[in-house]
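**Student:** Only the shape, not the letters, is given here:
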C-alpha cells in the first residue's frame with residue numbers, strides 16, 4: 001500500500017519551524033509494509049494545499065496531512081478539504097467536550113475561538129485528539145483515505161499509534177518490508193563501503209544496504225522488500241553482514257550512543273558521571289533525556305572556569321598554568337575527579353575550544369581533549385573536529401560516549 005505525506009504551514013517553508021512530523025509518520029508506517037511515495041511541504045495557501053492533496057490522492061492509497069487545523073485565520077486546511085470532499089461545517093458535541101476537557105486539565109480559560117474547533121466538516125469521520133484541541137479528520141473517496149493530523153509534533157506523535165491501528169484495519173499491506181539497523185564505529189564511510197563491496201554486490205533482489213553516517217559512527221540499515229519469501233533471504237544477508245563487520249559492530253539495533261552506553265553500564269553494574277567544559281553539560285543532557293537513567297547516572301560538574309576545575313574536581317592549578325586547560329593532563333584529572341567526587345564507576349570528561357574564537361596556531365578551534373575513567377583507569381585522546389560551535393559540541397558529545405563504550 002502507498003502513503004503520501006503533506007506537511008502544511010508557512011512556518012515550515014520559511015525555516016522558522018523544523019518538520020519532524022513526516023519522519024515520525026514514515027517511521028510508524030514504513031516497517032509495516034507501507035511504501036512512502038512522497039513527502040510534500042506547502043504553505044498556508046488554498047491553491048497550494050488543493051494541488052498537493054489532489055496530486056497525493058492520485059499517487060497513493062492513503063494521504064496523511066499535518067498542520068493548518070488550528071482556530072486562527074491562517075489555518076485553512078479544514079475548509080480546503082471541504083472543497084475537495086464536500087460537506088459543510090457542523091458542530092460536533094464530542095469534539096466540544098474534548099476541547100473543554102483539554103482546557104480544564106491545563107487550567108486555562110476557554111475562549112470562543114478555541115470553541116470553534118468543534119466545527120468539523122460533515123463529510124469526515126472524527127477521531128478525538130487526546131493531546132490537543134484540533135480534531136483528527138478522516139475523509140474517504142473512491143477507496144482512498146485522507147487523514148489530517150495536527151501540526152504540533154507532540155500531538156501528532158501521541159495520536160499516531162491510534163491512527164496507525166485504524167489504517168491497518170482499513171488497509172492490508174500487500175508486501176513485506178523488513179528493516180535491520182546496525183551501529184558501526186571506528187571506520188570512515190568510504191572505507192566501510194570498500195570493506196562491504198563484495199557483500200553488497202551479492203545481495204539478492206529486494207534487499208538493499210544504506211549508509212547513514214553520524215557524528216563518530218555509522219548506522220547501517222539493511223532493508224528487505226518483497227513477498228513472504230524475502231524473510232529467509234533477508235535473515236541470511238543480515239547474519240552475513242554482522243560477520244563481515246567484525247569488531248567494528250558497536251550495537252545490533254537502532255539506538256543513540258547514550259542509550260547504548262546506559263544499556264552496557266547496566267549490564268556491567270557500572271555507574272557514570274560527567275565532567276564537562278567545552279560541551280557545557282551536553283553529555284549529561286543526552287543521558288538524562290533518557291527515562292530511567294537515574295539507576296546509572298549519578299551527576300555532572302560543568303567546569304567551565306579553571307577555578308571550578310581545580311576547586312571541585314581537584315585538577316592541578318600548576319598543570320592548567322603549564323599545559324593549558326585544553327590538555328591531556330587536565331582532562332584526565334577531570335575524569336578521575338568526577339569519579340572521586342560522585343563515587344561513579346565511570347566518567348567522561350571534555351575540555352576543548354568550540355569556537356568561533358579562542359583558538360590559536362597550536363590549538364585551533366575544534367581541538368578537544370576527551371578523557372575517560374573506568375574503575376580507576378584513566379585514558380584520553382585529542383581530537384580535531386570541523387564545523388561550527390554546535391557541530392563541534394555535538395561531535396565531542398558522541399565521540400565521548402562512544403569512547404566510553406569501547407572502554408567498558
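**Tutor:** Okay, I see it. These figures come from a predicted structure and were not determined experimentally.
**Student:** contacts for the lowest-mean-pLDDT helix or strand in the chain?
**Tutor:** Counting by mean pLDDT, DSSP states H and E, the weakest-scoring helix or strand in the chain turns out to be helix 112-115, with a mean of 83. For helix 112-115, the external contacting residues (Cβ atoms under 8 Å, 6 or more residues apart in numbering) are 71-72, 96, 99, 103, 133. For the C-beta atoms, the positions are set from N, CA and C on the backbone; glycine is no exception.
**Student:** please redo it, this time with the cut-off set to 7 Å
**Tutor:** Residues outside helix 112-115 that contact it (Cβ atoms under 7 Å, 6 or more residues apart in numbering): 71, 96, 99, 133.
**Student:** doesn't residue 117 make contact with the second one?
**Tutor:** Going back to what we said before, that points to residue 96. No. At 8.1 Å, residue 96 does not count as touching residue 117 under the criterion of Cβ atoms under 7 Å.
**Student:** So the two - more neighbours on which side?
**Tutor:** Shown here are residue 96 and residue 117; by other Cβ atoms under 10 Å, residue 117 has more neighbours (23 against 18).
**Student:** circling back to that earlier point, any idea how far the least confident helix or strand of the chain is from the middle of the chain?
**Tutor:** Remark: helix 112-115 is offset 34 Å from the chain centroid, using Cα atoms, centre = their mean, to the nearest Å.
**Student:** buried residues in it?
**Tutor:** For helix 112-115, the neighbour count (16 or more other Cβ atoms under 10 Å) marks 114-115 as buried.
**Student:** cool, stretch 12-32 as well?
**Tutor:** The neighbour-count check on stretch 12-32 (16+ other Cβ under 10 Å) flags 12-13, 19, 21-22, 24-26, 28-29 as buried.
**Student:** For residue 333, which non-adjacent residue is spatially closest?
**Tutor:** Nearest non-adjacent residue to residue 333, counting by Cβ to Cβ, 6 or more residues apart in numbering: residue 315, 4.3 Å away.
**Student:** Need phi/psi at the one you found.
**Tutor:** phi -70, psi 140 (degrees, to the nearest 10).
**Student:** Run through the residues that contact it.
**Tutor:** Residues in contact with residue 315 (Cβ under 7 Å, 6+ apart) are 309, 330, 333-334, 337.
**Student:** make it 6 Å
**Tutor:** Applying Cβ atoms under 6 Å, 6 or more residues apart in numbering to residue 315 gives the contacts 309, 330, 333-334.
**Student:** Of the residues you listed, which belong to strands?
**Tutor:** Among the contacts of residue 315, DSSP state E puts none in strands.
**Student:** Let me know the closest of the residues you listed to residue 58.
**Tutor:** Nearest to residue 58 among the contacts of residue 315 is residue 334, at 59.8 Å by Cβ to Cβ.
**Student:** The closest one and residue 400, how far apart?
**Tutor:** Shown here: residue 334 relative to residue 400, a distance of 12 Å by Cβ to Cβ, to the nearest Å.
**Student:** Comparing those two, which shows the higher neighbour count?
**Tutor:** Neighbours of residue 334 and residue 400, each counted by other Cβ under 10 Å, are more numerous for residue 334; the result is 31 against 28.
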